[in-house]
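1. here are the coordinates; sequence isn't available:
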């Protein structure tokens, strides 16, 4: 007989006798009631949990929609979700299951249940049912809020209170507050200080609270709309957008955000027509009254019609007026500095007392700079703290260079480059120039570690610190600028162009920034044999392969145009990631000395077989790629026995190839944002004994309990990570906190992020803070 079928009267009699013997008659009234109602209490709890599950599912959908918009989830909603999870599938469910298990242990020759266990079960079920009922009755009118996290406002020391600049600044601020002006243009030659001026406009607009939200993005001559909308979303505080959203979907969410607020959007460095709708920028919005009259920001948000104003900068009048439709009266010109302003700027930047020692040299240098702020600043920075002989050397270079202020700028950049302290620093600068605007120091670290830019170090963390140190030196010399975050860097177009020119001068570097990749590909075999670095960004891969006629010849080898015996670094990013590209199987056959291979946003029907021949490869980056046949990819990558860095972030893989276990020298494995990854077989990760960093944020979360592995060997358990004794960084997603084994976090672990939750919501627990 099942214990659940035992009549209540028998349970009461047994329970009464047990309790009476133990506690006495005066203490048995409530326990008797609890014993009598045990079945009702458990049934009631079960029903309440069913209601709670439905309620949680509905709320999860609302939370998901809010996250899609990029809103911040309210703390009280996160707390509710956490408590609901505890009852439905967490610790409190485990408590009830344990009590039921105890109640099923019979005695009296297997006829009677345990009355003490039934009493405990009844009381706990009653307690939990009341709590669950309270959760179910809770109503949330809103699950999220818009939290605008301002872009870092760099109070730039670059802006100086010169009369020529203050006049233009005042005119722009006046236009911003006009109810009839939606678009403003700022025009000026290269290096005239347009960006510096509009950053000051941004700072003042935020300081005076003229707008609810202010965001600034760089467009460049070869605009990448996906990158621009991503940068805009970050600037608007929309950090929780799902990674799988298309640029169009992100733009739609940006549009919804901007329409709800009085907004000011800066688009820096416009070259041609940009469809504002593609960026999510609403057009034609008007405001009932001038911004200047809105003294109370909250009041204006409720009462005034929302407005979105756009401020654009460009070198060309035509780009602003004809291409973007800015009225001529709303286009403001940034001109050269007056002579006294130019001298003052030079003295400010050189930071030395030069009136007595270098007066004549200053006058000569400033004269040659022709009032161009960029030229003046680069000259001053190149000479800061330098001895007399450097002043004389720079003057000689200026006199021998071609006329024109841009030649002066290039001379200053080259002068600064030549006097960098080490070859290590020079190579880092040239690599930064290839990588371009707003680049991650993580990317620089991964490239640099493979290229031996930091030969004195062996650990990934040391590589990262070294990369950050070198970037900070280059920032201090004004060759690099601050990026959107402290782990990114930027640079001026002039500096990037000069750096790419220096890099390609001796024929060892091939790079394309805006040009067609096929146009810069070397035709002569002699040139190919000299190349050490190839960096092709945003390239039309299909067109490149077609124009170069890269087909197998009769001997089974690849076309001679891909024979690069000295090549150590090859980066290729795809302009059209949705288009499938069949790269010849032996494309990489002639690159056997390659140390770094970066293939970004590729769409392979299958991985080129010749990748397996790259036995010197240290860094392999396949981020944001569609990798085709999984079996072939694993077999190829598994042969790269010297690989130390493998970046699969954002890839479409569903299963981690078992051959990854062969990469016993691997130090960094990045599988962040691999949202389709569902299978990691046991005994893969545990074999990577030298692994120092494992990154799996927003990725695989189907870990199994060790007990489950005995029955089904589909997925690994977290216990495997305990074998990684050199692990210093861990980012991982877990469905159930009880899956974390004791001793998971060893003494070497310095940083870790554990994301705990279900598929709808991960609640991030930052257990140790970032160092940077």
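-> Thanks, I have it. Predicted model, so just to flag it, every value in this text is computed and none were measured.

2. which residues in the stretch 351-500 of the chain form strands?
-> Applying DSSP state E, counting those that start in this stretch to the stretch 351-500 of the chain gives strands spanning 439-440, 481-482, 488-490.

3. hey, which of the ones you listed is tucked in deepest?
-> Mean neighbour count (mean count of other CB atoms under 10 Å) peaks for strand 488-490 among these, with a mean of 20. Where C-beta positions appear, they are placed from N, C-alpha and C, glycine not excepted.

4. and it, what other elements does it pack with?
-> Applying 3 or more CB pairs under 8 Å, 6 or more residues apart in numbering; DSSP states H and E, one finds that strand 488-490 contacts strand 439-440, helix 460-476, strand 481-482.

5. in this structure, what helix or strand scores lowest on average pLDDT?
-> None of the helices or strands of the chain scores lower by mean pLDDT, DSSP states H and E than strand 762-766, at a mean of 35.

6. does residue 644 touch residue 668 like I think?
-> Yes - counting by CB atoms under 8 Å, residue 644 does reach residue 668; the two are 7.0 Å apart.

7. returning to what we had before: take the strands of the stretch 351-500 of the chain and lay them out in a markdown table including distance to residue 453 and mean pLDDT.
-> Putting the strands of the stretch 351-500 of the chain into a markdown table (distance: least, CB to CB, whole Å; pLDDT from 0 to 100) gives the following:
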| stretch | distance to residue 453 | mean pLDDT |
| --- | --- | --- |
| strand 439-440 | 15 | 90 |
| strand 481-482 | 20 | 84 |
| strand 488-490 | 15 | 89 |
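
8. distance to residue 702 added to these, as TSV?
-> Below are those laid out as TSV (distance: least, CB to CB, whole Å):
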stretch	distance to residue 702
strand 439-440	28
strand 481-482	40
strand 488-490	32
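
9. how about those strands, which one is nearest residue 272?
-> With CB to CB, the closest approach to residue 272 among those belongs to strand 488-490: 21.6 Å.

10. ok, and what's touching the closest one?
-> Contact partners of strand 488-490, identified using CB atoms under 8 Å, 6 or more residues apart in numbering, comprise 218, 432, 437-441, 471, 474-475, 480-484.

11. and these, which is the shakiest by pLDDT?
-> Within those, residue 484 has the lowest pLDDT, namely 76.

12. thought that one was touching residue 231?
-> Yes - contact criterion CB under 8 Å: residue 484 and residue 231 qualify, at 6.9 Å.

13. joint contacts of these two?
-> Residues touching both residue 484 and residue 231 by CB under 8 Å, 6+ apart: residue 438.

14. roughly how far does residue 63 sit from residue 257?
-> 18 Å (CB to CB, to the nearest Å).

15. longest helix of the protein?
-> helix 38-69 (DSSP state H).

16. which strands or helices does that one pack on?
-> strand 72-73, helix 75-88, helix 115-137, strand 144-145, helix 247-259.

17. now with 6 Å, please.
-> Packing partners of helix 38-69 (3 or more CB pairs under 6 Å, 6 or more residues apart in numbering; DSSP states H and E): helix 75-88, helix 115-137.

18. for residue 593, which of those helices is the nearest?
-> Across the helices and strands packed on helix 38-69, closest to residue 593 is helix 75-88 (CB to CB), at 51.5 Å.

19. next one: the closest one to chain centre, how far?
-> Centroid separation between helix 75-88 and its chain, computed with CA atoms, centre = their mean, to the nearest Å, is 28 Å.

20. and what of stretch 418-429?
-> With CA atoms, centre = their mean, you get 28 Å for stretch 418-429.

21. quick one: contacts of that stretch?
-> Contacting residues not belonging to stretch 418-429 are listed as 453, 470, 474, 479 [CB atoms under 6 Å, 6 or more residues apart in numbering].

22. how does it look with 10 Å?
-> If you take CB atoms under 10 Å, 6 or more residues apart in numbering as the criterion, stretch 418-429 is touched by 382-383, 386, 390, 393-394, 397, 413, 416-417, 444, 447-448, 451-456, 466-467, 469-471, 473-474, 477, 479-480, 491, 495, 499, 502-503, 533.

23. for it, which positions count as buried?
-> 420, 424-429 (16 or more other CB atoms under 10 Å).

24. now do the strands for the stretch 201-350 of the chain: every range, in order, please.
-> Under DSSP E, counting those that start in this stretch, the stretch 201-350 of the chain gives strands at 213-218, 263-270, 308-314, 331-333.

25. narrow the buried residues of stretch 418-429 to those in helices?
-> Residues of the buried residues of stretch 418-429 located in helices (DSSP H): 424-429.

26. I'd guessed residue 705 sits against residue 734; true?
-> No - the pair residue 705 / residue 734 is not scored as a contact, 11.4 Å apart, by CB atoms under 10 Å.

27. what residues do these two have in common as contacts?
-> Shared contacts of residue 705 and residue 734, defined by CB under 10 Å, 6+ apart, comprise residue 718.

28. quick one on the thing from earlier: and the longest helix of the chain, how far out from the chain's middle?
-> For helix 38-69, the distance to the chain centre is 33 Å (CA atoms, centre = their mean).

29. can you give me the angle it makes with helix 115-137?
-> 40 degrees (axes from the mean of the first three to the mean of the last three CA atoms, to 10 degrees).

30. which ones are touching the closest residue to residue 536 other than its chain neighbours?
-> Counting by CB to CB, 6 or more residues apart in numbering, residue 536 lies nearest to residue 517, which is 4.5 Å off, once chain neighbours are set aside. By CB under 10 Å, 6+ apart, the contact list for residue 517 reads 510-511, 534, 536-541, 543-545, 547-548, 572, 575.
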